[in-house]
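Trainee: the following comprises the amino acid sequence and a computationally predicted model.
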Amino acid sequence: MGLSVDIRKDLGDFILEAKFETEGGVTGILGASGCGKSMTLRCIAGIVKPDWGRIVLDGEVFFDSERGIHIRPQNRHVGYLFQNYALFPNMTVEQNLMTGLLSYEKDKKKARAAVEEMIERFYLTDVVSHRPTQLSGGQQQRAALARILLSRPKILMLDEPFSALDDFLRWKLELELLEVLKDFAGDTLFVSHSRDEIYRLCDQVCVMEKGTSGRVIPVRQLFEKPSTKAAALLSGCKNYSRAHLEGEEHVFAIDWGVRLKYQGTWTEPIQNIGVRSHYLHPIPKAEANKKENLIHCDILQVIEDVFSIVVMARPKAATTNEPIRIEVSKEFWQDFSQKEGIEKTIWVQVPPEHIMLLN
Amino acid sequence: MDWYPLWNSLRIAMVSSVLVFFTGIFAAYYVAKLHPVVKGVLDVVLTLPLVLPPTVVGYFLLVLLGPRRPFGGWMLDAFGIKMVMTWYSGIFAASVVAFPLMYRTARGAFESFDKTLAYAGQTLGLSNTYIFWRIQMPACRQGILAGAVLAFARALGEYGATSMIAGYTPGRTATISTTVYQLWRTDNDALAFRWVMVNVLISTIVLLAVNLLERRERRR
């Protein structure tokens, strides 16, 4: 059971090679824009025909190039939430919802009752006779979701559902969507370029890069133990150095010119290490000779962010121009800079357990 | 005043705009789906009447429909239907010159149609026929309406090709435009002016109607 995708399609700029399997729950597809995420959804929905491969949902073959199977989108029962919601502009909200069950519910009364129920569930009562252009972004999304659920989909596919909304609304709608997803029995695919959304809404995630999909892994694993630099970049890590292992406990960071201790085991060859900006701790000068895993840096710039202070610094032994980014709370920085005075250099500690070894 | 030219012009314009309305939409819909090369060639052919002088269109029509030409001759022999110098000959001329206007505006409307709407319809299980008539056509209504009005106006004002293929016979093939020319040529300025005003009046009414429709559209 679940969804199984193994397809290839030549898109001109790159070749889409998506291969993944899901077994229930919410699966995120994380990738930069233009990496083939939406195209993958379109192939699953049957809007686009892959050049080669197989798509199976809950044992039902949607597409199989070898056996010449390509089911029409109408018969796949896929709930596809488009980025712009795709509400029909010439119809009212109520008529839009009606189209969801037009294909199977011939009984007008039953159809009306089902639509009525959805209208209430999605707080659309005040806007039933409005047209899509008269709705707010949130109402549009709710109407589109209601319409999809009325069509009784076997799988939900959400394509960047929050990209058209402003920040405040995004947060509110995310909570609403979470409720809907909880009640939905089938699989859900959630496409996004936002790691935060993926982290909050998904159970597992598949990273996609230039048309190629990676393994499906639990969301936590992506953020705590990404295995490639691409995955680490997508998970929001900002500091990288080329590196090679030195013995069983140490790694040499080439770009930073330092030897660092790390924790955990690693079998595959590594090319890079990554450290998240908020795991880098500034250390008072007086304690510098007592601690290990330190990088001595020149401060390049101190930037005040909304809720934090970002210190851009360059390791003294650096072999590249790439600065490292240190992020600390405003309170900490006030305290620290008062005690230490305004310095041109800073000692930064890298906790061994937060060094990510990347392939 | 003999009102025959008004009646004749109106029926020619109406019949040809109905013809052009359907063929134009049909062509626009299918040409958009073709292979780029075929599309490019067909597009040029279908748009040509828009840029050719009407007399050139008239010439081509005479070559096709003239009684001594293969097709025109066959129509006359087999069915006894005379294709030129009758009132309905004006329909052929008006249709050909008005077609590109309908075709191009409809094609523009179809091209700007948001395809995700059609995709959404498909994933919801709606048939392609339903999607075309109930979603795509209404969404493209503005463009299609504009095309139809332009085609009607062009058909009503057709002169060059009409004068060549239908000629000017008072009470039989005379249209407003050919009548105006004939009256002016024979120094009947006063009557020519009256027909000019009739033409201006009809065109104004048509354009006003379109503007009204558009405004109502926007309010909905």
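Mentor: Great, that's in hand.
Trainee: what's in contact with the one helix or strand A:Thr99 maps to?
Mentor: Assessed by DSSP states H and E, A:Thr99 sits inside helix A:93-101. The contact list for helix A:93-101, computed with C-beta atoms under 8 Å, 6 or more residues apart in numbering or on different chains, reads A:87-88, A:91, A:111, A:114-115, A:118-119, A:124, A:127-132, A:135, A:139, A:143, A:146-152, B:121, B:124, B:126. The way it works is simple: take the backbone N, C-alpha and C, and place the C-beta from them, glycine included.
Trainee: next to chain A, which bits of chain B? Give me the list.
Mentor: Proximity of chain B to chain A is confined to B:114, B:116-117, B:119-127, B:130, B:134-135, B:138-139, B:141, B:220 under the rule C-beta under 8 Å from any C-beta of the partner chain.
Trainee: got the phi and psi for A:Glu331?
Mentor: Backbone torsions of A:Glu331, given as degrees, to the nearest 10, read phi -60, psi -50.
Trainee: ignore what I typed, I meant A:Thr125.
Mentor: phi -50, psi -40.
Trainee: give me the number of neighbouring residues for it.
Mentor: 10 (other C-beta atoms under 10 Å in any protein chain shown).
Trainee: can you give me the pLDDT of A:Ala317?
Mentor: As predicted, A:Ala317 sits at a pLDDT of 87.
Trainee: longest helix anywhere in chain A?
Mentor: Identified as the longest helix of chain A according to DSSP state H is helix A:167-183.
Trainee: moving C-terminal of that helix, what's the next helix or strand?
Mentor: strand A:187-192.
Trainee: looking at chain B, which helix is longest?
Mentor: Per DSSP H, chain B has its longest helix at helix B:189-219.
Trainee: please name every helix or strand in contact with that one.
Mentor: helix B:141-157, helix B:176-185 (3 or more C-beta pairs under 8 Å, 6 or more residues apart in numbering or on different chains; DSSP states H and E).
Trainee: looking at the ones you listed, which has the lowest confidence?
Mentor: helix B:141-157 (a mean of 88).
Trainee: picking that back up, which ChimeraX command selects the buried ones in the residues of chain B next to chain A?
Mentor: If you want just the buried ones from the residues of chain B next to chain A in ChimeraX, going by 16 or more other C-beta atoms under 10 Å in any protein chain shown, the selection is:
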select /B:116,117,119,120,121,122,123,124,125,126,130,134,135,139
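Trainee: interface residues of chain A facing chain B?
Mentor: A:42, A:45-47, A:72-80, A:82-84, A:86, A:88-90, A:99-100, A:102-104, A:131, A:147-148, A:151.
Trainee: please parse chain A into its domains.
Mentor: A:3-227, A:237-358 (automatic domain parsing).
Trainee: can you give me the helices in the chain?
Mentor: Answering for chain A, as no chain was given. Under DSSP H, chain A gives helices at A:37-45, A:93-101, A:108-121, A:137-150, A:167-183, A:195-201, A:219-224, A:229-234, A:330-340.
Trainee: let me rephrase: I mean chain B.
Mentor: Going by DSSP H, chain B shows helices at B:4-31, B:36-51, B:54-65, B:70-79, B:89-111, B:115-123, B:128-130, B:137-139, B:141-157, B:160-165, B:176-185, B:189-219.
Trainee: can I get stretch A:323-341 as PDB, trimmed to CA atoms?
Mentor: What follows is stretch A:323-341, C-alpha atoms only, in PDB (Å, rounded to 0.1, in the frame of the first residue of the first chain):
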ATOM      1  CA  PRO A 323      33.100  33.900   6.400                       C
ATOM      2  CA  ILE A 324      31.300  31.900   9.000                       C
ATOM      3  CA  ARG A 325      28.100  33.000  10.600                       C
ATOM      4  CA  ILE A 326      27.500  32.900  14.300                       C
ATOM      5  CA  GLU A 327      24.000  33.600  15.600                       C
ATOM      6  CA  VAL A 328      23.400  34.400  19.300                       C
ATOM      7  CA  SER A 329      20.500  36.000  21.300                       C
ATOM      8  CA  LYS A 330      20.500  39.700  21.800                       C
ATOM      9  CA  GLU A 331      20.700  39.300  25.600                       C
ATOM     10  CA  PHE A 332      23.800  37.000  25.300                       C
ATOM     11  CA  TRP A 333      25.500  39.400  23.000                       C
ATOM     12  CA  GLN A 334      24.900  42.400  25.100                       C
ATOM     13  CA  ASP A 335      26.300  40.600  28.100                       C
ATOM     14  CA  PHE A 336      29.200  39.200  26.200                       C
ATOM     15  CA  SER A 337      30.300  42.400  24.500                       C
ATOM     16  CA  GLN A 338      30.000  44.300  27.700                       C
ATOM     17  CA  LYS A 339      32.300  41.900  29.600                       C
ATOM     18  CA  GLU A 340      34.700  41.400  26.700                       C
ATOM     19  CA  GLY A 341      34.800  44.900  25.400                       C
END
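Trainee: and that stretch, average pLDDT?
Mentor: Mean predicted confidence for stretch A:323-341 is 89.
Trainee: okay, buried residues for that stretch please.
Mentor: Buried-residue list, stretch A:323-341, by 16+ other C-beta under 10 Å: A:Pro323, A:Ile324, A:Arg325, A:Ile326, A:Glu327, A:Val328, A:Trp333, A:Phe336, A:Ser337.
Trainee: ok, now stretch B:74-81?
Mentor: For stretch B:74-81, the buried set under the neighbour-count rule, 16+ other C-beta under 10 Å, comprises B:Met75, B:Leu76.
Trainee: what of stretch A:99-115?
Mentor: A:Thr99, A:Gly100, A:Leu101, A:Leu102, A:Ser103, A:Glu105, A:Ala111, A:Ala114, A:Val115.
Trainee: report the contact partners of the closest residue to the fifth one other than its chain neighbours.
Mentor: It stands for A:Ser103. Spatially, and ignoring its direct neighbours in sequence, A:Ser103 is nearest to B:Gly125 (3.2 Å; C-beta to C-beta, 6 or more residues apart in numbering or on different chains). Neighbouring residues of B:Gly125 by C-beta under 8 Å, 6+ apart: A:Gln74, A:Asn75, A:His77, A:Leu102, A:Ser103, A:Tyr104, A:Ser151.
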